[in-house]
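*Asks:* mind looking at a prediction? Sequence and model below.
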Amino acid sequence: MPKYSSADILGLAPALVLIVGALTLLLLEVFQESEKRGYQAWFTAIVAAIASLVALPMLDGEAHRILLTQDGLFFAVADRFGGAMAIVVAAGLALSALTAGAFLGARKAERGEFYALAMFAASGMVLLAQATDLLMIFVALEIMSISTYALAAYLRRGMRTTEAAFKYFILGAFSTALYIYGVALVYGATGGQTGLQQVAEAASEGSLLLMAGVAFVAAGFFFKVAAAPFHMWTPDVYEGAPTPVTAFMAAGVKAAAFAALFRVFTVAFGSEDVALHGWMNVVVVLAILTMVVGNLLAIPQRSVKRLLAYSSIAHAGYLMAAIAAAANPEVRAAAGEGLLYYLATYTFAGIGAFAVVAALERQGAEGPLMWDLDRFAGLARVRPALAMAMGLFLLSLAGIPPTAGFMGKLLIFRAAVDAKLYGLVIFGVLTSLVGVYYYLRVVVYMYMREREPSVGELPAPRLAMGVALALAAIGTLILGIVPGFFGEIARASTLALGG
Amino acid sequence: MTEAMLFYPMALVAIGGALGMIASRNPVHGAMYLVLSFFGIASVYVLLAAELIAALQIIVYAGAIMVLFVFVIMLLNLNEDDLERPRLTPGTIFGGAAALAFWMISFMVFSDLPDQTMPTELPEGFGQVASVGRLIFGPFIVPFESTSILLLVAMVGAIVVAKPRI
C-alpha cells in the first residue's frame, strides 16, 4: 500500500486545480440563465493562472515520485520538467479560452461545457507531462484526446466542421490503438514492465520485440503531434475545427504529446543500443520529411488558417529534430532545453496567430473564403494593433530575431549540431527560409495591399480577444528578448529528468 | 500438453470469429461473429489464469458493447442495396498487402521472443477479484482515479456532440 503525504497532493496540484475548475464550471452551468453567459472564459483563465501558480513549487527542488510504493512503483513524478510543462499548458489554456470567449460570444454559442472540456483536456496534458509509466501516459493521453475530439465537434455549422471532427476522432482513436499495441509489445519484451525506469532497466539492449514496441509507441505519438507521414489529417481538421479549438490543439496537444514523447524516449528507450543505434535515424528522417512537407505545402495556401495548419506541421518537424538530438546522452539536456523553449514560444506565437485569424473570421460564410488572404489586405490601416500583433506572431513563427521563435530554433539547431546531425540542421535552416516566404506574404498583404470592399466587414473588437492577443504578444517578446528567464528553467528541468 | 489441446481450439474460435466478422456482408451476422470471437478470447484469458478479465470480457464486450453495436445497426436499418459490394480496388489491394506485410513482420518479431522464465507457481489469489481490487486501490490508485476523470470527460463530450447544433 502506498503511503499518502501532502507532497503527493502538491505534486498533482496543477491537474487537480484544473479538474476542480472544470467540475465547478459544469455545476455552475446548471444555475445559469442562458442569456447571462460570458464569464466562463475569464473563469477558465483564472483557473489556468492558479494552476500555473501551484506548479511553481515544482520548478525548484527535488523531483518527487508521487505515491511511491515499496516495490518502487510510481506512475507520475513532480519534477521541474513537469512543472515547466504545466505552466506552458496553462498559458495555452488561458490564451485559447480568452480567444474562445470572444469567438463564441460573437456567435452566441457560449456554453460552460466548452470551457469545462478545455480544462479537462489541459488536466490531461499536465498529467501527460508528469506521467512516468506507459499505462499512466495512456490514460492521460485519452483524457486529453477525448476532450479535444468533443471540442472539435463543438460548433458544427456546415459540413466541413463535421468532417473535421469525425476525421479527428477516427484517426485519433486509431493512433491511440497503435500506441497501446506498442505498449503491449514493450510489456512483453521487458518481462511485464510499464514504468519508464523499469523498462529502461529491463531493456538496455534492443531486441526485435522491443524495437517493434518502440516503433508502435512512436507511431502513436507521431499521429498526435502531426509528424509526416502521419500528418494527413492535420490540414482538414485544423481548418474545420472552431478556430480557438484549433489554436488549443496546435499548441496544447502538441506540447503535451512532445513532452511525453521526450520523457518516454529518453528515460525508457534512452540506452545507447536502443537510442543511438535504434530510433535516432528514423526520427532524423521523419524530422526532415516533416519540415519539408509542412513548409512546401504551406506555400500555395490562400486560406490563412490552412497555411497556419501546414506551418504547425513544419514546427512539429523542428521539434522532432530536438527529439533526434536527444538520442545522444551527452546532448540530451541541451535538446530538452530546446524542446521546452520551442514549445513555450510556439504556445504564444501559434495561439496568437490563430487568435488573429479567429478575430477576422467571416461569419455566415463557409469554406476557405472565411480566412482568405484578402481578408488580411490593408489590415494595418483599419486595425493597426491587430496587424502589428499578427506581424509579431508571424515573425516569431518564421524565426526572425528578436522574437521568441528565433531563440527556440537556435537552441534546437545548436543541440542538433552538438549531436553531429549536420544534415538535419542544414535541412532545418533551408526549410526555415522557405517558411519566411509564406509568413511574410501575409505581412505584405496586411501592410502593402489596399483593402477591397468585397471582403466584407470586420467583426467588432472584443475585450477578451484583446487581452488574449496582448498576453500572447508580451509572451512572444519576453521569450525573445530575455531568453534567460525561461531558458534557466528549461535547462535545469531537463538536466535531471525524473524517470 | 493439455494446455495446448485447450489453447488451439479456443484460438481457432477467436480467429475464426474475427475472420467471419470481416467477411460477412450482413452487419448483424458480423456482430454475432464478433461475439464468437470475444468468447474465444475470453477462454484464452481463462487459460492464462486471468479469471476476472475473462468474466469482464464476456460481461462488458460480449454483453454491453455488443448490445450497443446491434442497436446502432438496427437503428440504421440498412437495406440490401445500401451494403457495399466487395470489389477489388487499388485501395483494397494495398490494404491487403499492408495487412499481409504486417502479419509477416509480426511473425518474425514473435518467433524471436526471448526465453523468459515464467513463474510456474502463481501467487495466491492471482487474477481474482480481491487481489485485482487490492492492486487497483493500492499502487495503481493514480491511473485508476484518472480513469474516472476519463469516463466523466467521455460522458460530457458525448452530450456536447449529441446536442443539436449550438
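*Replies:* Perfect, thanks for sending it.

*Asks:* name all residues that make contact with the closest residue to chain A within chain B.
*Replies:* Chain A sits closest to B:Gly157 of chain B, with a gap of 3.1 Å, by Cβ to the nearest Cβ. Any C-beta I mention is one placed from the backbone N, CA and C, and that applies to glycine too. Shown in contact with B:Gly157 (Cβ atoms under 8 Å, 6 or more residues apart in numbering or on different chains): A:Leu117, A:Ile146, A:Ser147, A:Tyr149, A:Ala150.

*Asks:* nearest to chain B, of those?
*Replies:* For the contacts of B:Gly157, the nearest to chain B is A:Ala150 (3.1 Å; Cβ to the nearest Cβ).

*Asks:* okay, and the nearest residue to that closest one once chain neighbours are set aside sits in which element?
*Replies:* Once flanking residues are discounted, A:Ala150 sits nearest to B:Gly157: 3.1 Å by Cβ to Cβ, 6 or more residues apart in numbering or on different chains. Assigned by DSSP states H and E, B:Gly157 falls within helix B:141-162.

*Asks:* on that earlier part again, and the contacts of B:Gly157, which is closest to A:Ala200?
*Replies:* Within the contacts of B:Gly157, the smallest distance to A:Ala200 is 29.4 Å, found for A:Ile146 (Cβ to Cβ).

*Asks:* quick check: next helix or strand after the helix or strand hosting that closest one?
*Replies:* Assigned by DSSP H and E, A:Ile146 falls within helix A:134-152. Following helix A:134-152 in sequence order, the next helix or strand is helix A:159-189 (DSSP H and E).

*Asks:* any idea of the mean pLDDT in that following helix?
*Replies:* Averaged across helix A:159-189, the pLDDT comes to 92.

*Asks:* excluding chain neighbours, give the residue nearest to A:Ala45 in space.
*Replies:* Excluding its sequence neighbours, the residue lying closest to A:Ala45 (Cβ to Cβ, 6+ apart) is A:Ala94, at 4.3 Å.

*Asks:* after the helix or strand harbouring the one you found comes which helix or strand?
*Replies:* Per DSSP H and E: A:Ala94 is located in helix A:80-106. Helices and strands here follow DSSP H and E; after helix A:80-106, the next one along the chain is helix A:112-130.

*Asks:* all helices in chain B, in order from the N-terminus.
*Replies:* B:2-23, B:27-47, B:51-56, B:66-76, B:90-111, B:129-137, B:141-162 (DSSP state H).

*Asks:* next one: the stretch 301-450 of chain A
*Replies:* Ranges of helices in the stretch 301-450 of chain A, per DSSP state H, counting those that start in this stretch, are A:304-325, A:332-360, A:379-382, A:384-398, A:404-418, A:422-448.

*Asks:* and the residue nearest the centre of chain B?
*Replies:* B:Phe38 (6.3 Å; Cα atoms, centre = their mean).

*Asks:* okay, now the closest residue to that one other than its chain neighbours: neighbour count?
*Replies:* Excluding the flanking residues, the one nearest B:Phe38 by Cβ to Cβ, 6+ apart is B:Ala62, at 4.2 Å. For B:Ala62, the count of nearby residues is 18 (other Cβ atoms under 10 Å in any protein chain shown).

*Asks:* so where's chain B shaky on pLDDT?
*Replies:* B:1, B:114-120, B:165-166 (pLDDT under 70).

*Asks:* contact residues of it facing chain A?
*Replies:* B:105-106, B:108-110, B:112-114, B:116, B:138-143, B:146-147, B:149-150, B:152-154, B:156-161, B:165-166 (Cβ under 8 Å from any Cβ of the partner chain).

*Asks:* the closest residue to A:Arg383 other than its chain neighbours: neighbour count?
*Replies:* Excluding its sequence neighbours, the residue lying closest to A:Arg383 (Cβ to Cβ, 6+ apart) is A:Leu458, at 6.8 Å. Neighbourhood size, A:Leu458 [other Cβ under 10 Å]: 16.

*Asks:* so what does A:Leu458 have for phi and psi?
*Replies:* phi -90, psi 140 (degrees, to the nearest 10).

*Asks:* A:Phe376 versus that one, what's the distance?
*Replies:* From A:Leu458 over to A:Phe376 the distance is 10 Å, taken as Cβ to Cβ, to the nearest Å.
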